[in-house]
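Engineer: turn this into a structure:
(chains A and B)
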Number of protein chains: 2
Amino acid sequence: MTEIGKLTQGCGPLIQPLSDPARPLRQQIFERVRAAGQIARVQLAKELCISPASVTTITSELIEAGFLEEVRSSREGEGGRGRPAVALGVRAGTRHVVGIKLSDREHTAVLVDFAGNMIAGEAIARTPGAMELEGILDAAERLLDRVCAKGGVPRSALHAVGLGVPGFVDCESGTVHWSPVLSERHIALGPALRARLGVTTFIDNDANLVTLAELWFGAGRELSDFAVVTIEHGVGMGFVINHRIYRGSRGMGMELGHTKVQLDGALCRCGQRGCLEAYVADYALVREAQTALNLTHEETRSVNVLLESLYDHAKAGNSAARSIFRRAGRYLSVGLSNIVNLFDPQLIILSGERMRYDYLYAKDTLAEMKELILDTGRAVPEIEIHAWGDLLWAHGAAALALHELTEQSLGSAREMAAQ
Amino acid sequence: MTEIGKLTQGCGPLIQPLSDPARPLRQQIFERVRAAGQIARVQLAKELCISPASVTTITSELIEAGFLEEVRSSREGEGGRGRPAVALGVRAGTRHVVGIKLSDREHTAVLVDFAGNMIAGEAIARTPGAMELEGILDAAERLLDRVCAKGGVPRSALHAVGLGVPGFVDCESGTVHWSPVLSERHIALGPALRARLGVTTFIDNDANLVTLAELWFGAGRELSDFAVVTIEHGVGMGFVINHRIYRGSRGMGMELGHTKVQLDGALCRCGQRGCLEAYVADYALVREAQTALNLTHEETRSVNVLLESLYDHAKAGNSAARSIFRRAGRYLSVGLSNIVNLFDPQLIILSGERMRYDYLYAKDTLAEMKELILDTGRAVPEIEIHAWGDLLWAHGAAALALHELTEQSLGSAREMAAQ
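Structural biologist: Here you go, the predicted model:
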C-alpha cells in the first residue's frame, strides 16, 4: 500500500512527553512510605535507586506539608549502632476519605484514614433492581452520614469520596454509561454525587475497585502485574501493569464478561449473544436452574435462594444441576485461557462472593484452562481464589479516593514548595 | 478469606523504582529527533515540556557523541527573523543495522542507516517447511552478506542485526520456543546467530516487528496506542501502549491466534481446538478448500495456488467457497471484537499479505464486529487494512535493532559524559 522508501520520512513522536521529574519522585516516595507502613530513609533511597540526599530533601518537604511524620522504627537496630531507629510513616490522621460500593443486593461504605486504615464500615441492605439517580444519591448520602457518625469524623472533615458501581464507567468524566443499579444510561453520577455531598468524588467500576484493593492491600504487595476476575451478578476484570490499573487505551476496556466465547451463543443481558457472562454470571445460572429444578414459572424465588438450591442439588448428584455448573466452568476456562494467551499474567485472582460455588472453580475447570493455554514454554499462571465480601470492594473505593487525593495534594504541595 | 482489619497492615511497593531521570530524557530527545526527521531545539523543548537550557545541554552532548548533528532547517523562518534556521537531525551515516525476516515462503532483509532510512533490500525465495538451526543460520548469513554487498556496507561495519521469526519468541533471552520455520523447540536462536555473524543480534516475533514498523514509520506517527493484527500463515497480534510495544506481563502474551473462539472447535496446528487461527489462517482455509473445490487428495497444489483458486471460485459465486470465507470472516469478527472489548483501542490495523482476500475483510465482517462490541458509549475503533510485503516486516526488524542499539549506546554516552 505504501512504499518502504516513503515510510522512512517524517515519522512521529515515539515517546511520551516527560513531565517535571520531581513530581513522580515526590509521589513515589510518599506512596512507598504508605505502602511500607513505616520505612527508614536509607531503605527508601535504596529501593527507589535515588541518592540519600534527595530522599532527605523531599521527605523534609513532605513532613513540612503534613503528609509524612517521623516514627520510632519497630525494627530493632534499623538506625545502626548507638543511633535511635527513626523511620517515616504517613501522618494518618490528617485526612479522611470514605469509599462506597453500590451493588444490587446491598450498599456498603468504609471510612479510612490517610494511611488506608479502616476506621468504620457500614452496609445497607436493599431491594435488587435499577434505581433512579435521586434514589442512588439518597442512598449514598445516608450511607456516608452513617459511616461518618460511626467513625466520629464529621462529613465536613472528609477530603474525598470514592464510589464504585457495577457497569460501564468512564472514570475520567465520572459518567456511568450503563449500570444494573441505575435505571438510565449515560448518567454523570460522579459530578452529581459531588454536588449532593459537597465533597470531591471519584468513581470507577467495581471490578477496578476490587483490583485496587488487591493492589494496595493484597497481591500488589508482591507483584507488579496481575489480573483480577470478578464473578458475581456479572463478570468483571481488572488488570495491573507495573503497579497501576490499566483500563485499556481509551479507558473503557477489560470487559471480559462481554468477550464472545460462542458465536450466536446464549443471550446476554447486554443484548448480544455468546458473551462469557451469559454462561457464567448469576443470571445465566438462574435461568437454567428453573429448568433443572423443574420449577414452574410461578415459583419465583430470590436469586440467592435459587442458586443455593441449585448448588445443593448439584452436590447431591442431580445431573441437570451438575451440567449447569459444568458448562459454566468450561466456558470460564475458555475466558481465563484467553486472558492468559493475551496478557500472560503471572497471577490471576478469581474474586467475588460466588466463589463459594466451588463447582465453578473445581479442579476440572482449572485443568481445562491449562489445556487451553498455549504452550509457549512459560509456566502456567497461578490462580488464587479470594472470596471477599462487599466491604473489601468499598475499601477499594476508598483506595481510589486516597490515590486521586494524593495525586492532587502532592501537586499542590509541589506548587507551594516552588513558590 | 482475609479480614479487612488485617489487610491494612504491611503493604508493599505500589510503584516502580525510578531510575536516573537524566537517562530517559536523553533517550527521549534522541528518539524525538529521529522521529521528526529534523526539529528545532525550541520545538523539542516545547514538545517534551523541558527547559530550553536542558535541551541545549543534552543536545550538545549528543552532538559531541556523534548521535545528532545540526542541519539547515527546510522550514522557512524556523530560526526567527534574521537568524539562520538551524535544526537537529540524526547523524544517519554513523551506524548501520540490518533487519531480517524469516518466513515460510521467503527470507527478506533490509540495510538501514542510523536514522532508519533504507539503503538496500534483498529477498530469497525458499521451499516452505521447518528447517534445522544450521540451515536457518546459513540462510541468514547469506542474506546478510547479499544485502551488505548491495548497500556497500561491509559486514564488519554493522552495529547490530534485528531478526524476526513467526512463532513464540522470548525476546529477552533470544529463545524461540516454537516456530513453523524451525524444526526444533526451545532454540536459543538469538545467541546462535550472534555467534555465527559476530554482530550483536536482537530477535522478536514477526507480529511485533510489523507493529514496530507501524510504530516507527506508520500509524505511530499519529497515535500513542493501537493494535496490529497480522493474518498470514498464522494469526499474530502486536499492541502499542504509550508508544511502546506491550508483550504481556511476562513477555509472551498477545497470542490472539490461539485465543479460543469455539469450545471443542476446529483443530489448530498448535494441537488445541477452537483457536481463532484454526478458522482464519491460510492452513485453515486450505483444508476446507479441497472439499469446496472437490479436489482429490492426490491433487495437491501449493497453498498460494489453492487459495487463489478458492478466492476466484468464491468471487464467481461458488457457495461452498463463499461459505469458507464467510465463516472465517465471522470468527475474525469475534476475535477483533474481543480485542476491542478488552483493550479498547482507537485503531486496529489489519496487516499481512492475505489482506488481498477481501472476502475476509468485507463490510459483512466489519459490520458483524461492530455488533459484537459492547456498547459502552465510546466510538467503535477505526479499522485500517495494510497489505504490506515482507520487506516492511524486515524494516520492522531493523527498527528493533535500532531501538535496542540506541538504548545501549545512549547508556554508554551517559557514562562517558559522567566521567
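Engineer: report the rounded mean pLDDT for the helix or strand encompassing residue A:397.
Structural biologist: Using DSSP states H and E, residue A:397 sits within helix A:390-418. Throughout helix A:390-418, pLDDT has a mean value of 75.
Engineer: low-confidence ranges in the stretch 251-400 of chain A?
Structural biologist: Within the stretch 251-400 of chain A, the segments meeting pLDDT under 70 span A:297-300, A:353-361.
Engineer: what does it put close to chain B?
Structural biologist: With C-beta under 8 Å from any C-beta of the partner chain as the criterion, the stretch 251-400 of chain A meets chain B at residues A:251-256, A:258-263, A:270, A:272, A:274, A:330-331, A:334, A:337-338, A:340-346, A:371-372, A:374-378, A:386-388, A:391-392, A:395. Backbone N, C-alpha and C define where each C-beta goes, glycine included.
Engineer: buried ones among those?
Structural biologist: A:251-256, A:258-263, A:270, A:272, A:274, A:330-331, A:334, A:337-338, A:340-346, A:372, A:374-376, A:378, A:386, A:388, A:391-392, A:395 (16 or more other C-beta atoms under 10 Å in any protein chain shown).
Engineer: buried residues of stretch A:196-206, list them for me.
Structural biologist: So for stretch A:196-206, counting by 16+ other C-beta under 10 Å, buried means A:196, A:197, A:199, A:200, A:201, A:202, A:203, A:204, A:205, A:206.
Engineer: neighbours of residue A:223, how many?
Structural biologist: Residues lying near residue A:223 (other C-beta atoms under 10 Å in any protein chain shown) number 19.
Engineer: wait, what's in contact with whatever residue of the stretch 51-200 of chain A ends up closest to chain B?
Structural biologist: Distance from chain B to each residue of the stretch 51-200 of chain A (C-beta to the nearest C-beta) is smallest for residue A:177, at 3.6 Å. Counting by C-beta atoms under 8 Å, 6 or more residues apart in numbering or on different chains, residue A:177 touches A:167, A:168, A:169, A:170, A:185, A:186, A:252, B:375, B:376, B:377.
Engineer: now with 10 Å, please.
Structural biologist: A:167-170, A:185-187, A:252, B:374-378 (C-beta atoms under 10 Å, 6 or more residues apart in numbering or on different chains).
Engineer: one step back: pick the one among the buried residues of stretch A:196-206 closest to residue A:291.
Structural biologist: Among the buried residues of stretch A:196-206, residue A:206 lies closest to residue A:291 (C-beta to C-beta), at 29.8 Å.
Engineer: got the phi/psi numbers for the closest one?
Structural biologist: phi -70, psi -30 (degrees, to the nearest 10).
Engineer: isn't it up against residue A:235?
Structural biologist: No. Assessed by C-beta atoms under 10 Å, residue A:206 is found out of contact with residue A:235, at 11.6 Å.
Engineer: overlap of the contact sets of these two?
Structural biologist: Joint contacts of residue A:206 and residue A:235 (C-beta under 10 Å, 6+ apart) are residue A:352.
Engineer: how near is the residue of the stretch 51-200 of chain A closest to chain B to residue A:139?
Structural biologist: Counting by C-beta to C-beta, to the nearest Å, the gap from residue A:177 to residue A:139 is 20 Å.
Engineer: can the helix or strand containing residue A:47 be found next to chain B?
Structural biologist: Using DSSP H and E, residue A:47 sits in helix A:41-48. Yes. Under the criterion of C-beta under 10 Å from any C-beta of the partner chain, chain B is reached by helix A:41-48 at A:46, A:47, A:48.
Engineer: can you map out the strands along the stretch 1-150 of chain A?
Structural biologist: In the stretch 1-150 of chain A, the segments counted as strands under DSSP state E, counting those that start in this stretch are A:38-39, A:68-72, A:86-90, A:96-101, A:106-113, A:118-125.
Engineer: run the angle between the fourth one and strand A:118-125 for me.
Structural biologist: Right, the one you point to is strand A:96-101. 30 degrees (axes from the mean of the first three to the mean of the last three C-alpha atoms, to 10 degrees).
Engineer: what mean pLDDT does strand A:96-101 have?
Structural biologist: Strand A:96-101 carries an average pLDDT of 96.
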